[in-house]
Every structure is written in C-alpha cells, then in structure tokens.
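Enquirer: here is my input; please provide its structure:
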Amino acid sequence: MNSILLKITVLLGALVVCAGGLPPAGDTFRCENGRIVLKSEAPLEVIQARSSQLRGILDPERQTFAWTVEVSTFDGFNSPLQREHFNENYMETTRFPKATFSGKIIEEIDFTKNGIQSVRAKGKLNIHGVEQERIVKGQLEIKGNKIRIQAKFTVSLADHDIAIPKVVYQKIAEEITVTVEAELVNK
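Expert: Numbers count the residues shown, from 1 in each chain. Alright, predicted model coming up:
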C-alpha cells in the first residue's frame with residue numbers, strides 16, 4: 001500500500017513540474033553591485049556618501065529578500081577625515097562591518113508580468129548592531145529576467161545607537177536620507 005501511495009505522489013509531482021506549475025529550482029534574482037547613497041542635511045553642512053557594492057537576493061515565490069552592504073565601502077565624503085570619522089567614530093565598522101535589511105514584500109506581486117509597481121517591504125533593518133523593524137516604500141520594475149528596485153527612506157541615528165558629539169551637532173543630521181537603486185538578475 002505504501003509503495004503505491006509513493007508512486008502516485010511521485011507521478012503527481014512529475015506532472016506538476018512538467019506542466020510548469022512550479023518555478024525552476026534556483027529561481028531567484030541577485031544583485032552584486034546595487035547603489036546606495038546616504039545624505040545628511042544638517043544646518044551647517046551637507047554630507048553625502050555612496051557605495052556601489054550593495055548586494056541582494058530576491059525570492060519571487062516567497063516574496064522574500066535580503067540586502068547587505070559593507071559599511072567601509074562608502075566613499076564620496078567632503079574630506080578623507082569625514083570618511084575616517086564615519087568609519088571609526090560613528091559606524092564603528094570594525095565592530096559592525098555590515099548593514100542589512102531582510103524581510104518580505106507586503107503586496108502580492110506577479111513576477112511573470114512586466115511593469116512598474118509600488119511596493120512596501122517589511123523587514124529587519126540592522127545598522128550599527130541595532131535591529132529595527134521597518135516598512136520601506138519603493139518601486140519595483142519587472143522587465144524580463146531583470147528587476148529594478150528604487151527606494152528612498154530616512155534612518156534616525158538615535159534608533160541605531162549612533163551618537164552625535166555636541167561639537168559637530170550642527171554638521172550632522174539626526175536623520176539620514178537613504179536612496180537605493182539596484183538591478184537584480186535571474187540566476
């Protein structure tokens with residue numbers, strides 16, 4: 001009896017796969033060189049830094065994602081000293097080398113249809129070793145085997161235990177604007 005049940009289960013599974021009812025194994029989208037820009041607009045100074053080393057993965061079947069960036073890859077500050085202070089004093093990159101965001105897309109997305117859609121991503125944002133649950137709004141453009149993602153949101157330094165010394169309080173904003181642009185490819 002068990003062998004008959006097993007054969008029927010295997011046959012039904014083969015029919016579903018042959019009919020195209022399941023996505024191919026490894027049907028994920030990956031990004032190795034996404035762009036992330038940080039902008040601090042304080043009363044006395046505007047500071048902008050960027051990294052083109054944002055890495056991510058998106059699983060369309062589960063509508064889950066994970067993003068990571070090495071904090072030390074940010075450059076473009078107003079001076080080399082600013083970059084040094086960013087890495088050593090504020091972000092403490094030797095202790096907290098990565099910033100991550102992982103979770104799930106809230107809206108149901110049909111990844112087989114080309115087009116642009118507004119989405120909300122709910123997940124855990126981990127910066128400076130402090131994890132916060134966040135909902136980030138953005139746009140997702142599906143075009144064949146590629147997905148472009150764009151998002152812009154703010155991050156409060158206090159929410160991630162990043163202290164601003166009083167000496168530079170007028171030069172560093174309490175909230176940083178984060179802009180993300182990435183293209184993921186089906187691999």
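
Enquirer: please enumerate the strands of the chain.
Expert: Here the chain has its strands, by DSSP state E, at 29-41, 46-59, 64-70, 98-105, 115-127, 130-143, 146-156, 175-186.

Enquirer: closest to Y169 out of those strands?
Expert: With Cβ to Cβ as the measure, strand 29-41 is the member of the strands of the chain nearest Y169 (11.8 Å). Where you see a C-beta, it was placed from the backbone N, CA and C, and this is true even at glycine.

Enquirer: what residues of that closest one count as buried?
Expert: For strand 29-41, the neighbour count (16 or more other Cβ atoms under 10 Å) marks 29, 31, 34-40 as buried.

Enquirer: using CSV, lay out those together with pLDDT.
Expert: Compiled in CSV, the buried residues of strand 29-41 are given as follows (pLDDT from 0 to 100):
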residue, pLDDT
F29, 96
C31, 97
G34, 97
R35, 98
I36, 98
V37, 98
L38, 97
K39, 97
S40, 95
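
Enquirer: could I get those residues as TSV with distance to A182?
Expert: Listed next are the buried residues of strand 29-41 as TSV, based on distance: Cβ to Cβ, whole Å:
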residue	distance to A182
F29	10
C31	5
G34	3
R35	7
I36	8
V37	12
L38	15
K39	17
S40	22
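
Enquirer: quick one: the residue sitting nearest the centre point of the chain from F153, how far?
Expert: Taking Cα atoms, centre = their mean as the criterion, W67 is the residue nearest the geometric centre of the chain, at 3.5 Å. W67 sits 13 Å away from F153 when distances are taken as Cβ to Cβ, to the nearest Å.

Enquirer: cool, Q170 as well?
Expert: Shown here: Q170 relative to F153, a distance of 24 Å by Cβ to Cβ.
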